[in-house]
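Trainee: from the sequence below, what's the structure:
(one chain, ligands or ions: 1)
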Amino acid sequence: MQKLYVVMVGLPARGKSTLAKRICAGLCEEGFPTKIFNNGELRRSLLGPTSTPADFYDPANEEPRLAREYIAKRNMDRARGWLAQEGMVAILDATNASSARRKLITNTLTDYPILFVECVNEDHILQQICIERKTTLPEFEGYSKEDALASFMERIRYYESIYEPLSSEKYWLKVDSTANKILEEHALDGSPYYSVVRQTLVDFKAHRLFLARHGQTEYNVEARIGGDPHLTAKGQAQAEALAASLKNEPLDWVFTSTRIRSHETAAPVLRDRPNVQTLAIPEFDELWAGDCEGMRYAEISEKMPEVTRLRNADKFNYCYPNGESYAMLSDRVKRGLRRVLFLAGDKPLLIIGHQAINRVLISLFLRYRDADVPYIFIPQSEYYFMSMSIRRKLFERIPYSAKK
Ligand code: F6P
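Mentor: Just a heads-up that it's a prediction; the model follows:
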């Protein structure tokens with residue numbers, strides 16, 4: 001049977017390894033034995049910290065340039081060896097930034113087709129997080145955070161100086177790695193792997209996602225909407241119960257909105273988890289009710305009956321005066337979800353959202369009809385757990401507090 005090389009392309013910290021892992025998991029799940037060959041890992045194991053300084057990446061610096069080429073060739077050999085045995089797909093994960101390097105690959109790996117996957121990432125917040133993450137690698141041990149950052153940025157500039165986007169290669173996909181979007185493609189028609197690769201790149205996929213709503217707030221008690229209220233005593237007890245219920249669940253990331261109630265709910269979960277990373281995502285802030293922010297539902301019906309009437313008639317599309325509709329919310333929640341799934345990769349994550357936000361998030365995974373989205377049940381005493389891959393979708397609602 002025909003086999004395949006997948007060759008990642010892109011500047012450092014653009015999401016190549018994240019996508020390589022996703023592609024690998026998708027292909028393995030479809031029954032195609034797949035393995036990643038990462039040049040960075042091989043370089044670190046062979047050369048250690050001597051390959052950390054930025055000038056190691058200066059294209060004019062002949063000796064390190066040859067060392068990097070040697071590593072690329074070693075990994076090509078390993079990949080070919082894997083395909084000569086049981087492997088069906090070999091993924092070469094490296095910058096492969098210049099067309100000269102890609103020609104070397106094309107001229108060396110002649111036994112099976114090569115699919116190049118170029119990753120771009122214009123999300124500057126995520127880029128920054130990826131760069132900061134790189135500076136925590138063991139290769140930067142002994143560097144201060146600032147020095148590591150400066151050195152890595154210089155490394156990126158060297159790569160930028162030789163970077164040439166894909167164009168003359170035969171089969172390729174250009175992907176916005178954080179938007180799950182294919183920007184351009186030269187398809188490898190007829191290949192059993194191509195559609196799987198493509199699908200893994202565009203799907204929302206959550207390996208282990210916990211989704212909770214913040215605990216009860218003062219506004220909830222009064223049936224007021226929006227605002228930035230604190231949790232009530234009951235809400236704090238719910239937050240403690242959520243933390244207790246998740247106690248044995250490993251979590252790598254906790255994402256909140258920027259609102260106080262979301263942070264206060266996250267606090268007990270984070271208390272005993274010093275290594276969990278946390279980030280407030282503005283896209284997860286509750287539906288903005290515009291002129292109705294802070295009002296009670298009953299008050300809106302009384303003072304602005306049109307709002308209630310029109311909203312009841314078409315809750316998904318109804319836009320509050322100077323505010324938002326669910327339809328509008330959908331776009332920004334999608335953006336936020338892409339961000340968090342990109343950051344978490346295949347690691348478990350918790351999102352602490354809001355009623356409308358969680359409705360939209362659930363609908364993105366479970367494909368609800370638009371009209372039903374604003375009515376999805378979002379309790380403050382249960383969380384949702386989702387685990388999904390190409391073939392399997394697990395979706396559970398788990399109670400964490402006995403009393404509502
Ligand atoms: O009532 C709590 C709340 O989170 C409000 O802040 C928000 O406006 C509302 O839920 C969204 O739910 P619905 O669309 O059902 O009014």
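
Trainee: up against the ligand, what does the stretch 301-404 of the chain have?
Mentor: Counting by CB under 6 Å from any ligand atom, the positions of the stretch 301-404 of the chain adjacent to the ligand are 354-356, 374. All C-beta atoms are positioned from the backbone trio N, CA, C, and that covers glycine.

Trainee: now tabulate these in JSON lines and tack on neighbour count and pLDDT.
Mentor: Listed next are those as JSON lines, based on neighbours: other CB atoms under 10 Å; pLDDT from 0 to 100:
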{"residue": "His354", "neighbour count": "21", "pLDDT": "98"}
{"residue": "Gln355", "neighbour count": "18", "pLDDT": "98"}
{"residue": "Ala356", "neighbour count": "23", "pLDDT": "98"}
{"residue": "Pro374", "neighbour count": "22", "pLDDT": "98"}
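
Trainee: may I see those organised as TSV, with secondary structure added?
Mentor: Output for those, formatted as TSV (DSSP: H, G, I helix; E, B strand; the rest coil):
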residue	secondary structure
His354	coil
Gln355	helix
Ala356	helix
Pro374	helix
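
Trainee: list just the nearest of these to Met328.
Mentor: Minimum distance to Met328 across these is 10.8 Å, recorded for Ala356 (CB to CB).

Trainee: for the residue nearest to the closest one when sequence neighbours are not counted, which three-state class applies?
Mentor: Of all residues not flanking Ala356 in the chain, Leu287 sits nearest, at 3.8 Å (CB to CB, 6 or more residues apart in numbering). Put simply, Leu287 is coil when judged by three-state DSSP.

Trainee: how many residues are close by Leu287?
Mentor: By other CB atoms under 10 Å, 23 other residues sit near Leu287.

Trainee: next one, pLDDT for it please.
Mentor: On the pLDDT scale, Leu287 is placed at 98.

Trainee: quick one: contacts for it?
Mentor: Applying CB atoms under 8 Å, 6 or more residues apart in numbering to Leu287 gives the contacts 226, 320, 323-324, 326, 329, 354, 356-357.

Trainee: over to Arg261?
Mentor: The contact partners of Arg261, by CB under 8 Å, 6+ apart, come to 214-215, 217, 228-231, 235, 354.

Trainee: looking at those residues, which are in strands?
Mentor: Per DSSP state E, strands hold no members of those.

Trainee: most surrounded residue in those residues?
Mentor: The most crowded member of the contacts of Arg261 is His214, carrying 30 neighbours; neighbours defined as other CB under 10 Å.

Trainee: would you quantify the distance from it to Val340?
Mentor: Going from His214 to Val340 by CB to CB, to the nearest Å gives 16 Å.

Trainee: where do the helices sit along the stretch 301-404 of the chain?
Mentor: Remark: helices assigned in the stretch 301-404 of the chain by DSSP state H, counting those that start in this stretch are 305-313, 326-344, 355-366.

Trainee: the stretch 151-300 of the chain too?
Mentor: Assignment of helices within the stretch 151-300 of the chain using DSSP H, counting those that start in this stretch yields the ranges 194-202, 218-222, 233-245, 260-271, 297-303.

Trainee: any chance of the residues of the stretch 301-404 of the chain next to the ligand in JSON lines with distance to Ser363 as columns?
Mentor: Below are these laid out as JSON lines (distance: CB to CB, whole Å):
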{"residue": "His354", "distance to Ser363": "14"}
{"residue": "Gln355", "distance to Ser363": "13"}
{"residue": "Ala356", "distance to Ser363": "11"}
{"residue": "Pro374", "distance to Ser363": "10"}
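
Trainee: not counting the helix or strand of the chain with the lowest mean pLDDT itself, show me its contacts.
Mentor: Least confident helix or strand, the chain: helix 124-134 with a mean of 89, by mean pLDDT, DSSP states H and E. For helix 124-134, the external contacting residues (CB under 8 Å, 6+ apart) are 12-15, 121, 140, 149, 152-153, 156, 178, 279, 339, 342-343.

Trainee: so which of those residues wins on neighbours?
Mentor: Counting neighbours by other CB under 10 Å, the top entry in the contacts of helix 124-134 is Arg14, with 27 neighbours.

Trainee: so that residue touches Asp176, yeah?
Mentor: No - with contact defined as CB atoms under 8 Å, Arg14 and Asp176 do not form a contacting pair (9.8 Å).

Trainee: any shared contact partners between these two?
Mentor: Common neighbours of Arg14 and Asp176 (CB under 8 Å, 6+ apart) are 120-121.

Trainee: residues in contact with the residue in the stretch 151-300 of the chain that the ligand sits nearest to?
Mentor: Here the stretch 151-300 of the chain gets closest to the ligand at one residue, Ile225, 3.6 Å apart by CB to the nearest ligand atom. Neighbouring residues of Ile225 by CB under 8 Å, 6+ apart: 219, 289, 292-297, 300.

Trainee: just curious, which of the residues of the stretch 301-404 of the chain next to the ligand is nearest to Glu306?
Mentor: Nearest to Glu306 among those, with distances taken as CB to CB, is Pro374, at 17.9 Å.
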